[in-house]
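Trainee: Using only what follows, build the 3D model:
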Amino acid sequence: GKRHSGRHLNRRRAADRKLRSTLQTKATKSAKRRAKKHAGKEARRARDINHKISKHIVAEAQRTAHGIALEDLSGVRERARLKKPQRTTLHSWSFHQLGEFIAYKAKRAGIPVVHVDPAYTSRECSKCHHIEKANRPSQAVFACRSCGFAEHADRNASRNIGHRGWYLWVRGAESQAPALTLIA
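Mentor: Numbering: from 1, shown residues only. The predicted structure follows:
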């Protein structure tokens, strides 16, 4: 099937937002009708993408005989301090739905799921575990101030989520219950 890149998705969602905004500023009956129709289309597209992402994640976990560690992002929208474009992206995506789809499909496939504490996953070094705000000089870059380890920030954060998931698993904290989650 067709793979969706993050860049492609973000462009499409930006176009959707622009159209939604244009239709909302027009107060005509036809604009309201079009806006309603468009909202349904947007929701169906997001649901379809969440299905594809969750299916791919569960299939990969099955193929590699791994469990899935997800960040428990309850209240992330309230806590996040982001610039407006990132805020819009965060607020308009259905993380809860994605988490539910992953948990449901993983349970059906017999794959264990653990939900980990998201605190400092993006600021912690996955090699020496030093936590510092300055470890993230930019959105994409992680560079540890303690040991000098550097790599893409998302990859570093996902390693931390993996470590925490493994630790919880070893302690017997498997959870199949869907929570408000996101895979990093």
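
Trainee: all contacts plus neighbour counts: C-alpha atoms, from now on.
Mentor: OK.

Trainee: So for the biggest helix by length in the chain, mean pLDDT?
Mentor: Longest among the helix segments of the chain by residue count, using DSSP state H, is helix 29-64. Per-residue pLDDT over helix 29-64 has a mean of 85.

Trainee: Which of the residues in stretch 152-166 are classified as buried?
Mentor: By neighbour count on 16 or more other C-alpha atoms under 10 Å, the buried set for stretch 152-166 is 153-162, 164-166.

Trainee: So which of those residues is the closest to N135?
Mentor: If you rank these by distance to N135 using C-alpha to C-alpha, A153 comes first, at 9.3 Å.

Trainee: Isn't the closest one up against C125?
Mentor: No - between A153 and C125 there is no contact under C-alpha atoms under 8 Å: 9.7 Å.

Trainee: any weak-confidence spans in this protein?
Mentor: The model of the chain has pLDDT under 70 over residues 1-10, 23, 74-93, 173-184.

Trainee: 90 - rerun?
Mentor: Applying pLDDT under 90 to the chain flags the ranges 1-47, 49, 70-100, 115-119, 139, 166-184.

Trainee: where along it do the helices fall?
Mentor: Using DSSP H, helices in the chain cover 6-25, 29-64, 76-79, 84-91, 95-109, 153-170.

Trainee: Touching, W169 and V116? I think so.
Mentor: No - checked against C-alpha under 8 Å, the pair W169 and V116 is beyond contact range at 10.3 Å.

Trainee: Can you pick out the residue with more neighbours from these two?
Mentor: Neighbours per residue, other C-alpha atoms under 10 Å: of W169 and V116, the larger number sits with V116, 23 against 18.

Trainee: What's opposite that one in the beta bridge?
Mentor: Note on V116: beta-bridge partners by DSSP bridges are E71.
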